[in-house]
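[1] Predicted model and sequence follow; I will ask about them next.
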Amino acid sequence: MRLLDRAILKEMTTAFLLGLMVFTFVLLTNKILRLVELIVNKGVGVLTVLQLFLYVLPYSLVVTIPMSVLLATLATFTRLSTDGELLGLRGAGSSLVRLSRPSIYFGIATTLLTLVITIWILPYSNQAFKNLVFNMARRQVAVGIQEGVFNSAFEGLILYVERLDPRTSEMEGVFLVDSRNPAERRVIVAEAGRFTSDPHQLRMGLTLRQGSIHLSGAELSGRYRLITFENYALTLDAGHSLSEPIQRPLGEQELTLTELRERAATLRAQGQNYHPPIVEFHKKLAIPFSCALFSVLSVPLASRMRRGGRGISLAISVGFALGYYILIVAGESLGDRGKIPAALAMWLPNLLIAVGGFVLFLRAELHPATLVQAWRSARARRAAVPQAG
């Protein structure tokens, strides 16, 4: 049977890779268009855009790998069932549990792969994505500023720079008018300055050195105030607007399992809502295990099909995956608010798949026609023993 196992694994691998490419492309279509927009409209380099795409890819693979496992198992065993090969193998004495061994191995392998992505690769890629976005935004801000010209690229700010180095974002001879507060106008003069970015706080900034601040406005009751400084930092609004075409919200996905538990403990000690980190902790484990469960569920489901092809398998896999992720999203919402335990919120869809697969296996193995066929096969084998002797 090892030859049969290898044939099934080969067919499943082909269908899995095809499904993974299709599902991932469909899921990333919107982001791919935005990345292309960066190249065309923002002048971002192709290598930088490729880096952004690679950083976004693990987040999508966590979703598309289970879907592809479901599609691969369904497509393979549906083809065996419609061609009559599955019926012939079972008639030769092979149980459905034995025939599903390759799919179980395949499910375990993809579960381990998805665990590696969710636990180790995904936190790193999310953080790297954020750092690259804000470094790119800082460079674009520096490139957009012109020397010897009053620049109004920032909301509520007018900036004049005598000299600017786009590579280091270093400025000399800075004149800045800050009118973001209607009740107070600030005119800032500084010898030097530099654009900065804070990836952790999702902010762009401007640090000025060796200068003075001239204050006037209604809050000062008509008086004039002068402040000198060695270093002065302002928060700018340009970082968010420049990164908006590709930025997506990042929650606890940047944290490892240990960091999630630590954050939950800290929030609980402070009397705050500690449920979201615990929900994310279980989510990072529950979704990868769905690969193994999908690979088991698909075998008895496909064995009941006598007609159809890969189109039917694709429709069923999309339907099952859609239902699964709807339950995940609903459970995450309820778990974040503490309505249900975090473990139950994330593991309930897996439990339903496990129960459904077990019931389908029992019905397939204990079906009257299957039992009669197995009895006839065993009787034929016993009758063949004396003749061979």
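    Structure's in. What do you need?
[2] Please compute how far the helix or strand where residue 162 lies lies from its chain's middle.
    If you go by DSSP states H and E, residue 162 is part of strand 157-165. Strand 157-165 has its average C-alpha position 39 Å from the chain's average C-alpha position, going by Cα atoms, centre = their mean, to the nearest Å.
[3] Stretch 286-305 now?
    Chain-centre distance of stretch 286-305: 22 Å, with Cα atoms, centre = their mean.
[4] Likewise for stretch 270-282?
    Put simply, stretch 270-282 sits 19 Å off its chain's centre (Cα atoms, centre = their mean).
[5] Which residues does it contact?
    In this structure, residues lying in contact with stretch 270-282 by Cβ atoms under 8 Å, 6 or more residues apart in numbering are 251-253, 255, 257, 260-261, 263-265, 267-268, 331-332, 335-338, 342-343, 345-347. Placement of C-beta: from N, CA and C, glycine included.
[6] Show me where the stretch 51-200 of the chain dips below the pLDDT cut-off.
    Judged against pLDDT under 70, the low-scoring parts of the stretch 51-200 of the chain cover residues 134, 137-144, 166, 197-200.
[7] which residues in it form strands?
    For the stretch 51-200 of the chain, the strands defined by DSSP state E, counting those that start in this stretch occupy 157-165, 170-178, 185-198.
[8] strands paired with the longest one, and their directions?
    The sheet places strand 185-198 alongside strand 170-178 (antiparallel), strand 203-216 (antiparallel), with pairing taken from DSSP bridges.
[9] With only the CA atoms kept, save the shortest one in CSV.
    Okay, so that is strand 170-178. In CSV, the C-alpha atoms belonging to strand 170-178 read as follows (Å, rounded to 0.1, in the frame of the first residue of the first chain):
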residue,chain,number,x,y,z
GLU,A,170,19.2,66.2,8.1
MET,A,171,18.1,69.9,7.7
GLU,A,172,19.9,73.2,8.3
GLY,A,173,18.3,76.6,8.7
VAL,A,174,14.8,75.6,9.7
PHE,A,175,11.9,78.0,9.8
LEU,A,176,8.5,76.6,10.9
VAL,A,177,5.0,78.1,11.5
ASP,A,178,2.8,75.9,13.6
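[10] Report the angle between that strand and strand 157-165.
    170 degrees (axes from the mean of the first three to the mean of the last three Cα atoms, to 10 degrees).
[11] sorry, back to before: quick one: closest of the strands of the stretch 51-200 of the chain to residue 223.
    strand 185-198 (12.9 Å; Cβ to Cβ).
[12] buried stuff in that closest one?
    Neighbour-count burial for strand 185-198, with 16 or more other Cβ atoms under 10 Å as criterion, is recorded at 185, 186, 188, 190, 193, 194, 195, 196, 197.
[13] Same question for stretch 169-182.
    Buried residues in stretch 169-182, defined by neighbour count with 16+ other Cβ under 10 Å: 169, 171, 173, 174, 176, 177, 178.
[14] okay, now the domains of the protein?
    According to automatic domain parsing, the chain is divided into the following domains: 2-137+269-388, 155-236.
[15] right, and these - which one's nearest residue 145?
    domain 155-236 (5.7 Å).
[16] Kindly check the end-to-end length of the closest one for me.
    Across its full length, domain 155-236 reaches 8 Å end to end, with Cα to Cα, to the nearest Å as the criterion.
[17] Run through who's touching stretch 255-263.
    Contact partners of stretch 255-263, identified using Cβ under 8 Å, 6+ apart, comprise 119, 120, 123, 252, 274, 277, 278, 280, 281, 284.
[18] Which neighbouring elements make contact with the strand holding residue 162?
    When contacts are defined as 3 or more Cβ pairs under 8 Å, 6 or more residues apart in numbering; DSSP states H and E, strand 157-165 sits against strand 170-178.
[19] any idea how far the strand it packs on is from the chain center?
    Strand 170-178 sits 40 Å away from the centroid of its parent chain (Cα atoms, centre = their mean).
[20] With stretch 73-86 instead?
    Put simply, stretch 73-86 sits 32 Å off its chain's centre (Cα atoms, centre = their mean).
[21] same check, this time on stretch 44-51
    Stretch 44-51 sits 20 Å away from the centroid of its parent chain (Cα atoms, centre = their mean).
[22] could you point out which element follows the helix or strand containing residue 292?
    With the criterion set as DSSP H and E, the secondary-structure element containing residue 292 is helix 275-303. Remark: after helix 275-303, the chain's next helix or strand is helix 310-336, criterion DSSP H and E.
[23] Determine the set of other helices and strands touching the helix or strand just after that next one.
    Once helix 310-336 ends, the next helix or strand along the chain (criterion: DSSP H and E) is helix 342-365. The contact analysis (3+ Cβ pairs under 8 Å, 6+ apart) places helix 342-365 against helix 96-99, helix 275-303, helix 310-336.
[24] make it 10 Å
    The helices and strands touching helix 342-365, judged by 3 or more Cβ pairs under 10 Å, 6 or more residues apart in numbering; DSSP states H and E, are helix 96-99, helix 275-303, helix 310-336, helix 368-388.
[25] So which bits of stretch 126-135 are buried?
    Counting neighbours by 16+ other Cβ under 10 Å, one finds that the buried residues in stretch 126-135 are 126, 127, 128, 129, 130, 132, 133, 134.
[26] let me redo that: stretch 8-17
    Using 16+ other Cβ under 10 Å as the test for burial, stretch 8-17 gives 8, 9, 11, 12, 15, 16.
[27] could those go into CSV alongside pLDDT and distance to residue 210?
    Compiled in CSV, those are given as follows (pLDDT from 0 to 100; distance: Cβ to Cβ, whole Å):
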residue, pLDDT, distance to residue 210
8, 93, 73
9, 94, 69
11, 94, 71
12, 95, 67
15, 94, 66
16, 96, 62
